[in-house]
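Participant: Everything below, folded, please.
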Amino acid sequence: MYSRRSSFIVGFHGCDEDVRNEIVANHCEMEPSHNDYDWLGGGFYFWENNYARALSFAEEQQKRGRIKVPSVLGAYIDLGNCLDLLDSYYLKGLQNTYLQLKKSFELIGRPLPANKPAFASPDLILRPLDCAIIEAHAAHAYPKFDSVRGVFWEGKDLYPGAGMKEKNHIQICIRNINCIKCFFIPRELKL
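Facilitator: I've put the predicted structure just below:
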């Protein structure tokens with residue numbers, strides 16, 4: 001009852017400049033991600049209110065040769081029915097789904113997928129376990145989840161002894177494209 005959010009959020013997606021321009025100028029559809037290692041399951045990924053993190057991601061993708069010109073796509077988003085992993089109610093449900101999935105994998109004699117680091121980072125960048133659990137949980141939800149929202153501590157310690165990391169962020173995965181109300185090209189801050 002108290003978990004429903006009633007306002008819009010601003011999301012930012014790091015991508016190639018040509019992709020951003022096609023989506024905004026020509027109303028092309030954004031392509032959802034459906035990798036088995038996606039942090040929050042399949043859908044459209046955004047950083048909540050974090051332009052700088054989206055741009056940093058795009059720059060990382062450029063270094064890996066995946067995009068030519070780093071850019072950021074903005075969106076106004078209504079989370080709708082959100083599997084909000086900042087809410088204890090949903091965390092407990094996800095924990096129960098893990099226990100059920102674990103039993104199922106044991107019955108068929110297979111190990112559960114495992115989250116693991118990648119790209120010379122100690123962070124769990126590839127998350128097939130989290131993805132499998134979120135997908136299993138969402139598959140049995142009624143009504144269906146429109147979005148998934150989670151917080152992640154990523155990167156090096158912000159300073160010695162810190163409980164915060166240099167890339168902390170809130171990630172949004174939109175499962176229902178109708179939750180994306182509009183796209184925009186973010187304007188640069190004028191100092």
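
Participant: Flag every buried residue along the helix ranked longest in the chain.
Facilitator: Counting by DSSP state H, the longest helix found in the chain is helix 88-107. Using 16 or more other Cβ atoms under 10 Å as the test for burial, helix 88-107 gives 90, 94, 97, 98, 101. For every residue, glycine as well, the C-beta is placed using N, CA and C.

Participant: For this structure, which segments are assigned as strands?
Facilitator: For the chain, the strands defined by DSSP state E occupy 8-16, 44-48, 70-78, 82-84, 147-152, 169-174, 180-184.

Participant: In JSON lines: those, plus mean neighbour count.
Facilitator: Below are the strands of the chain laid out as JSON lines (neighbours: other Cβ atoms under 10 Å):
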{"stretch": "strand 8-16", "mean neighbour count": "21"}
{"stretch": "strand 44-48", "mean neighbour count": "22"}
{"stretch": "strand 70-78", "mean neighbour count": "21"}
{"stretch": "strand 82-84", "mean neighbour count": "24"}
{"stretch": "strand 147-152", "mean neighbour count": "21"}
{"stretch": "strand 169-174", "mean neighbour count": "23"}
{"stretch": "strand 180-184", "mean neighbour count": "14"}
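
Participant: quick one: which of those is nearest residue 28?
Facilitator: Residue 28 sits nearest to strand 180-184 of all the strands of the chain, at 9.7 Å, using Cβ to Cβ.

Participant: Packing partners of that closest one?
Facilitator: In this structure, strand 180-184 makes packing contacts with helix 17-26, strand 70-78, judged by 3 or more Cβ pairs under 8 Å, 6 or more residues apart in numbering; DSSP states H and E.

Participant: Dump those into TSV; add distance to residue 169 and mean pLDDT as well.
Facilitator: Listed next are the helices and strands packed on strand 180-184 as TSV, based on distance: least, Cβ to Cβ, whole Å; pLDDT from 0 to 100:
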stretch	distance to residue 169	mean pLDDT
helix 17-26	19	95
strand 70-78	14	97
